[in-house]
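Asker: Curious how this folds, go ahead:
(2 chains)
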Amino acid sequence: MTYNELERKAKEARKWLVETLVKCGAGHPGGALSSIDIMIALYFEVMNIDPNRPEWDERDRFILSKGHSSIGLYTTLYLKGMIEKDTLLTFRQNGSMLSGHPDMRKVRGVEMSTGSLGHGLSVGAGMALAGKMDKKKYRVFVIVGDGESQEGSIWEAIMFAAHYKLDNLTVILDRNGIQIDGITENIMSLEPYADKWKAFGWEVREINGHAMAEIVPALKSVPFTEGKPSVVIAHTIKGKGVSFMENTNAWHGGAPKGDLAAQALREVEEALAKD
Amino acid sequence: MAKYSLRHAFAEALVDLGKKYPNLVALEADLQDSTQSIQFMKAFPERYIQVGIAEQNMMGIAAGLALSGKIPVTHTFACFASMRACEQVRTSIAYPKLNVKIFVSHCGVSAGTAGTSHHAIEDIAIMRAIPNMTVIAPGDAREMRQAAEAAIRYDGPAYVRVGAGEAEDVYTETHHFEIGKATVLRDGNDATIISTGQLMYEAVCASDELRKQGKKIRVLQMGTVKPIDREVILEAAEETGFIVTIEEHNVVGGLGGAVAEVAAEIGKAKVRRLGIQDRFSPVGTAAYILGEEMLTINDIIVSLLEFVKE
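Answerer: Numbers count the residues shown, from 1 in each chain, chains lettered A, B, ... in the order given. Here you go, the predicted model:
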């Protein structure tokens, strides 16, 4: 897909994401809207996957370590034809297969159940190590949140991946700068972020996480250095695409109602129509 | 009777199983001598993963390996697997029902004078409360070897618990470990002892001693605490009316708790739980602490006689 086509696909994703959020009345829009462009790029351009055979052995693997952004993953899987529309609109409803944090045993195409922060990168590193042991060509992509990397276990996994030279592992860091309680640098500072990853033995690139012209080339050029895991620090805007959700912790979680819901829907629909 | 270290029994079994299962891999968190995973490392260096002192990461790595067709066996002490890495075990292994085997050594108070930080008197209760988890606590080398093979053959998460020391042989050729089934070590209808882990030796000795006095005490080894063998508990309640449980674990939530839960459903037996009496242990060797906690052969006999006399 061209960058323009991918950008249009991302706008379509935002429309479905917000519609699902509003109709289902629950979810975590902030971090889903900040990372949706990355998920669209991965599923529509970067990863070697077959939507008809999600268990295909040679496929690239994706783990959404920040599992609360599930609504973005479900929307992407829907656009990829791996989840039905009717199913998407059961998000977080009683008896649905789509819980707030994804369950791999309920949703075909979800590689790993996530939700508890700090777990997903270890699992991705395990998959990458198995790939190396078996001399397989598949690659593993993990989206980690910036707030999430306050969990100590993330740094255990970072150390491990560098030690075992897992250059088939790529982390995309959703650096939206905001967590539930506020600005990451006020809550528990992460900077100098890139330097920390470098010091731990990873090869780092920094990009605008909403520009396909930056996301795709970065993700297509991994590993940046042979023998090293790659991390793409994607500078993003929390709540990107819905004006009142942008750059605030107020919409980390929660679904808008009434006029705000109408406004959110109008904004994502207009963005798509303008395209 | 001979004694043998269960850690060594497991490690030897794992090397044999490694020949049979090419997808078996071992993970270690910097305790290769203590857990004896060093044996697997020497036999299959390409299938051995040292993770350093990072138990939480070890569980996540194991999950990722299981998702990629491996049978990972993690190695660390019981306290670290069940408590430091508890949430990884629960959310990233048990919840997606991944085929990870969590082998733990130094369970109960077997780390002795190392002190409470290295004891695990809570792990059975913790692991038992996690859906999808199988909890196995073998009592001697023969049971350990059979349990190791059963755990590897079983498709799903399993927690396998052993102590640090040597265990007296109890199993004979007639005894056989099966996941979810108790092993009948002694027959009798006067009362029942249900043991788990290596205190099955004390249980059998107590039964043999009382047999000399004409009292026939049934001994059941609960090599699997979860899923628990409900049938044998209900039978013992019905037929003997009194059950003493014995375990190297807190009496809260462990084997005693599990047996009492089942027995209470039919209300036909008294249950007395011998174990660590819900307190952190004094400084001492494992044998000293077990004595302080009244977990000796004589303590079992005293408990039984109170009832059998009635």
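Asker: Please give the element, helix or strand, for A:Asp37.
Answerer: helix A:29-41 (DSSP states H and E).
Asker: likewise A:Lys136?
Answerer: When secondary structure is defined by DSSP H and E, A:Lys136 falls outside every helix and strand.
Asker: Let me see the contact set for it.
Answerer: For A:Lys136, the contacting residues are A:57-58, A:130, taking Cβ atoms under 8 Å, 6 or more residues apart in numbering or on different chains as the criterion. C-beta: built from backbone N, CA, C; applies to glycine.
Asker: and of the residues you listed, the nearest to chain B?
Answerer: Each of those was scored against chain B by Cβ to the nearest Cβ, and A:Ala130 proved nearest at 3.3 Å.
Asker: Give me the distance between that closest one and B:Gly64.
Answerer: In this structure, A:Ala130 lies at 7 Å from B:Gly64, with Cβ to Cβ, to the nearest Å as the measure.
Asker: okay, those two: which has more neighbours?
Answerer: B:Gly64 (32 against 24; other Cβ atoms under 10 Å in any protein chain shown).
Asker: Check whether whichever strand or helix holds the more buried one comes near chain A.
Answerer: When secondary structure is defined by DSSP H and E, B:Gly64 falls within helix B:55-66. Yes - taking Cβ under 8 Å from any Cβ of the partner chain as the criterion, helix B:55-66 and chain A are in contact, through B:56-57, B:59-66.
Asker: Tell me the residues of chain B that contact chain A?
Answerer: Residues of chain B lying close to chain A by Cβ under 8 Å from any Cβ are B:25, B:46-47, B:49, B:51-52, B:54, B:56-57, B:59-70, B:72, B:87-88, B:91-92, B:95-97.
Asker: Quick one: the helices in chain A, in order.
Answerer: Under the criterion DSSP state H, helices of chain A are mapped to A:3-24, A:29-41, A:70-79, A:85-88, A:120-133, A:152-163, A:184-187, A:193-199, A:212-220, A:258-274.
Asker: Residues contacting the third one, please?
Answerer: By Cβ under 8 Å, 6+ apart, the surrounding residues in contact with helix A:70-79 are A:9, A:12-13, A:16-17, A:20-21, A:27-29, A:31-33, A:35-36, A:39-40, A:43-44, A:64, A:83-85, A:87-88, A:91, A:98-102, A:107, A:109-110, A:115.
Asker: Which residues of the stretch 101-250 of chain A lie near chain B?
Answerer: Near chain B, the residues belonging to the stretch 101-250 of chain A are A:103-105, A:111-113, A:115-116, A:118-131, A:133-134, A:152-153, A:156-157, A:159-160, A:163 when assessed by Cβ under 8 Å from any Cβ.
Asker: List only buried entries from the contacts of helix A:70-79.
Answerer: Neighbour counting with 16 or more other Cβ atoms under 10 Å in any protein chain shown marks A:9, A:12-13, A:16-17, A:20-21, A:27-29, A:31-33, A:35-36, A:39-40, A:43-44, A:64, A:83, A:87-88, A:91, A:98-102, A:107, A:109-110, A:115 as buried within these.
Asker: give me the number of residues near B:Leu255?
Answerer: The tally of other residues near B:Leu255 (other Cβ under 10 Å) stands at 30.
Asker: Check it and give its pLDDT.
Answerer: B:Leu255 carries a pLDDT score of 98 in this model.
Asker: That one against B:Thr245, yeah?
Answerer: Yes - the pair B:Leu255 and B:Thr245 qualifies as a contact (Cβ atoms under 8 Å) at a distance of 5.2 Å.
Asker: picking that back up, any chance of the residues of helix B:55-66 next to chain A in JSON lines, plus pLDDT?
Answerer: Shown next, in JSON lines, are the residues of helix B:55-66 next to chain A (pLDDT from 0 to 100):
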{"residue": "B:Gln56", "pLDDT": "98"}
{"residue": "B:Asn57", "pLDDT": "98"}
{"residue": "B:Met59", "pLDDT": "98"}
{"residue": "B:Gly60", "pLDDT": "98"}
{"residue": "B:Ile61", "pLDDT": "98"}
{"residue": "B:Ala62", "pLDDT": "98"}
{"residue": "B:Ala63", "pLDDT": "98"}
{"residue": "B:Gly64", "pLDDT": "98"}
{"residue": "B:Leu65", "pLDDT": "98"}
{"residue": "B:Ala66", "pLDDT": "98"}
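Asker: hmm, back to that, quick one: buried ones out of the residues of chain B next to chain A?
Answerer: Among the residues of chain B next to chain A, those that count as buried by neighbour count (16+ other Cβ under 10 Å) are B:25, B:47, B:49, B:51, B:54, B:56-57, B:59-68, B:70, B:72, B:88, B:91-92, B:95-97.
Asker: which SSE is B:His8 in?
Answerer: Assigned by DSSP H and E, B:His8 belongs to helix B:6-20.
Asker: Show residues contacting that helix.
Answerer: Contacts made with helix B:6-20 from outside it, assessed by Cβ under 8 Å, 6+ apart, are listed as B:24, B:26, B:34-40, B:43-44, B:47, B:73, B:103, B:105, B:138, B:140-141, B:144-145, B:148-149, B:152, B:160, B:162-164, B:166-167, B:198.
Asker: hmm, 6 Å instead?
Answerer: B:24, B:36, B:39-40, B:43-44, B:105, B:141, B:144-145, B:148, B:152, B:162, B:167 (Cβ atoms under 6 Å, 6 or more residues apart in numbering or on different chains).
Asker: Buried residues in that helix, which are they?
Answerer: By neighbour count, and taking 16+ other Cβ under 10 Å as the criterion, the buried residues in helix B:6-20 are B:6-7, B:9-15, B:17-18.
Asker: what number of residues lie near residue 181?
Answerer: Since you didn't name a chain, this refers to chain A. Per other Cβ under 10 Å, the neighbour tally for A:Asp181 reads 12.
Asker: let's do chain B instead
Answerer: The number of residues packed around B:Lys181, counting by other Cβ under 10 Å, is 15.
Asker: same for the strand ranked longest in chain B, what does it pack against?
Answerer: Longest strand in chain B, counting residues (DSSP state E): strand B:242-250. The criterion is 3 or more Cβ pairs under 6 Å, 6 or more residues apart in numbering or on different chains; DSSP states H and E, and the helices and strands that strand B:242-250 contacts are strand B:191-195, helix B:255-266, strand B:270-276.
Asker: So what touches the helix holding B:Gly64?
Answerer: Under the contact criterion Cβ under 6 Å, 6+ apart, helix B:55-66 has outside partners A:119, A:122-123, A:125-127, A:130, A:153, A:156-157, A:160, B:27, B:29, B:51, B:72, B:74, B:76, B:80, B:84-85, B:88-89, B:92-93, B:98-100.
Asker: Return the residues in contact with the residue in the stretch 151-275 of chain A that chain B sits nearest to.
Answerer: Among the residues of the stretch 151-275 of chain A, A:Glu156 lies closest to chain B, at 3.6 Å counting by Cβ to the nearest Cβ. The contact partners of A:Glu156, by Cβ under 6 Å, 6+ apart, come to B:54, B:57.
Asker: Go again with 10 Å.
Answerer: When the contact criterion is Cβ atoms under 10 Å, 6 or more residues apart in numbering or on different chains, the partners of A:Glu156 are A:118, A:121-122, A:125, B:51-58, B:60-61.
Asker: Next one, pLDDT for it please.
Answerer: On the pLDDT scale, A:Glu156 gets 98.
Asker: need the helices for chain B, in chain order.
Answerer: B:6-20, B:32-35, B:38-43, B:55-66, B:78-79, B:86-87, B:123-128, B:141-153, B:200-212, B:230-240, B:255-266, B:286-292, B:297-308.
Asker: quick one: average pLDDT of the third one?
Answerer: The predicted model assigns helix B:38-43 a mean pLDDT of 98.
Asker: Look up the residues forming beta bridges with A:Val140.
Answerer: A:Arg61, A:Leu169 (DSSP bridges).
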